[in-house]
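Student: pasting the sequence and the predicted coordinates here, then a few questions.
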Amino acid sequence: MFNNTAKIMFFFILMVGTMITVSSNSWLGAWMGLEINLLSFIPLMSDNNLMSTEASLKYFLTQAIASAVLLFAIILMYMNNFPTIQNNLMFSNLIIYSSLLLKSGAAPFHFWFPNVMEGLSWMNVLILMTWQKIAPLVLISYINWSNFIYLVIILSTVMGSLGGLNQTSLRKLMAFSSINHLGWMLTAMRASESTWLIYFSMYSFLSFSLIFMFNNFKMYYINQVFNSFFNSKILKFCLFFNLLSLGGLPPFIGFLPKWLVIQLLIVNNQYILMTIMTVMTLITLFFYLRLCFAAFMLNYSENNWINIMQMNNFSFKCMLFFSFISTFSLILISLIYFIF
């Protein structure tokens, strides 16, 4: 992507669009930032093949509908009948929530997300999973909390968990994992801005660690994972520790943001919501563990030689570094907390 100067320009415009939305002091300015962000991501998606063209068209149509609904809600608020959001709080909140959740890909507005992810390259998948969620989530955090969001949280965790059970594509697996994490982020948003930013930062880091490995070894389907890494046990451990960390298995660092959200729900006496979210996350962990178990226990053949050139590679060192942070950070944080 970064060998093309035009794509570098669109990538910077993409970041500027998000910054305009986040820093805007009016809804119209936020909508303009979202439109700039959308129109700059479309050229980044197209890689001159049929799947990416189809994905970019689906993404454009979905986001255009969401933008139109958002603009409709903004115009309603600016009209004389609805001068402020408080005059018709429930109606305007529902419209704005729906359009922003459609933009971010949360259930029940997630129908486009796995299909678009399937047609993208790994770097575009990373942008769609992380950066493209910042602007809608920040705008959602500006709106007053309503009961509608509880339904979205439950549906996102349920759809994200059950949808990934029968997937063979790694990109669709990551898409349903992202929908599940989005439910947790919306719950973290109820606590404070810092809580969901911590969750989003951890999620972005773990997604980057995994996608860095998938992109480096050109893996797109589960059977490619089983047939890879015969010559290096370290790489196999790096990949699956990152997967389990993304699923939120203790003692990996991915458990820390989930721990914070569970503690928040217990403090607020929301035991039913906490139980549903935890059980659904266990289902997510199940299909990650199924992946790891098959790769570690069943497919154990390996070569008698070790690829020395791979050990000295910069990418290999980066993978080791990311995996070390993902695996041991929670233990180190706990030790530092107890010492000081």
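Tutor: Yep, that arrived.
Student: would you check how far apart Tyr203 and Asn147 are?
Tutor: For Tyr203, the distance to Asn147 (Cβ to Cβ, to the nearest Å) stands at 25 Å. In this view, the C-beta of every residue, glycine as well, is placed from N, C-alpha and C.
Student: can you check Val138 too?
Tutor: Separation of Val138 from Asn147 (Cβ to Cβ): 21 Å.
Student: and the two? Which one has more around it.
Tutor: Shown here are Val138 and Asn147; by other Cβ atoms under 10 Å, Val138 has more neighbours (21 against 7).
Student: wait, the more buried one sits on Val22?
Tutor: Yes - between Val138 and Val22 there is a contact under Cβ atoms under 8 Å: 5.1 Å.
Student: for this protein, which segments count as strands?
Tutor: With strands called from DSSP state E, the chain shows none.
Student: tell me how far the biggest helix by length in it lies from the chain's centre.
Tutor: Ranked by number of residues, the top helix in the chain under DSSP state H is helix 50-78. Put simply, helix 50-78 sits 19 Å off its chain's centre (Cα atoms, centre = their mean, to the nearest Å).
Student: same question for stretch 187-199.
Tutor: With Cα atoms, centre = their mean, you get 15 Å for stretch 187-199.
Student: what does it contact?
Tutor: Residues from elsewhere that reach stretch 187-199 (Cβ atoms under 8 Å, 6 or more residues apart in numbering): 137, 140-141, 145, 149, 153, 181, 184-186, 256-257, 260-261, 264-265, 273, 277.
Student: show me where the stretch 151-300 of the chain has helices.
Tutor: Assignment of helices within the stretch 151-300 of the chain using DSSP state H, counting those that start in this stretch yields the ranges 170-191, 193-216, 222-226, 233-247, 255-267, 271-293.
Student: for the ones you listed, give me TSV that also has mean pLDDT and distance to Gly33.
Tutor: Shown next, in TSV, are the helices of the stretch 151-300 of the chain (pLDDT from 0 to 100; distance: least, Cβ to Cβ, whole Å):
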stretch	mean pLDDT	distance to Gly33
helix 170-191	92	19
helix 193-216	92	18
helix 222-226	81	37
helix 233-247	85	29
helix 255-267	92	26
helix 271-293	89	31
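Student: looking at those helices, which is closest to Asn37?
Tutor: Across the helices of the stretch 151-300 of the chain, Asn37 has its closest neighbour in helix 193-216 (16.7 Å, Cβ to Cβ).
Student: pull out the buried positions in that closest one.
Tutor: 195-200, 202-207, 209-215 (16 or more other Cβ atoms under 10 Å).
Student: do the same with stretch 160-174
Tutor: Applying 16+ other Cβ under 10 Å to stretch 160-174 flags Gly160, Ser161, Gly163, Gly164, Gln167, Leu170, Arg171, Lys172, Leu173, Met174 as buried.
Student: first-to-last residue distance for it?
Tutor: End-to-end distance of stretch 160-174 (Cα to Cα, to the nearest Å): 10 Å.
Student: what does it rub up against?
Tutor: Contacts of stretch 160-174 (Cβ under 8 Å, 6+ apart): 107, 110, 114, 117-118, 120, 122, 125, 129, 176-183, 207, 210-211, 214, 219-225, 280-281, 283-284, 286-287.
Student: let's see that with 7 Å instead.
Tutor: 114, 117-118, 125, 129, 176-177, 179-180, 183, 214, 219-222, 280-281, 283-284, 287 (Cβ atoms under 7 Å, 6 or more residues apart in numbering).
Student: can you select the buried ones among those for me in PyMOL?
Tutor: To isolate the buried ones among the contacts of stretch 160-174 in PyMOL, judged by 16+ other Cβ under 10 Å, type:
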select buried, resi 114+117+118+125+129+176+177+179+180+183+214+219+220+222+280+281+283+284+287
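Student: below-threshold pLDDT in this protein: ranges please.
Tutor: The model of the chain has pLDDT under 70 over residues 1-2, 80-89, 228-232, 294, 297-312, 340.
Student: mind doing that once more with 50?
Tutor: 82-83, 85, 306-311 (pLDDT under 50).
Student: counting by contacts, list what the longest helix of the chain packs against.
Tutor: helix 27-45, helix 89-104, helix 113-118 (3 or more Cβ pairs under 7 Å, 6 or more residues apart in numbering; DSSP states H and E).
Student: turn those into a markdown table, columns for distance to Asn242.
Tutor: Putting those into a markdown table (distance: least, Cβ to Cβ, whole Å) gives the following:
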| stretch | distance to Asn242 |
| --- | --- |
| helix 27-45 | 25 |
| helix 89-104 | 23 |
| helix 113-118 | 18 |
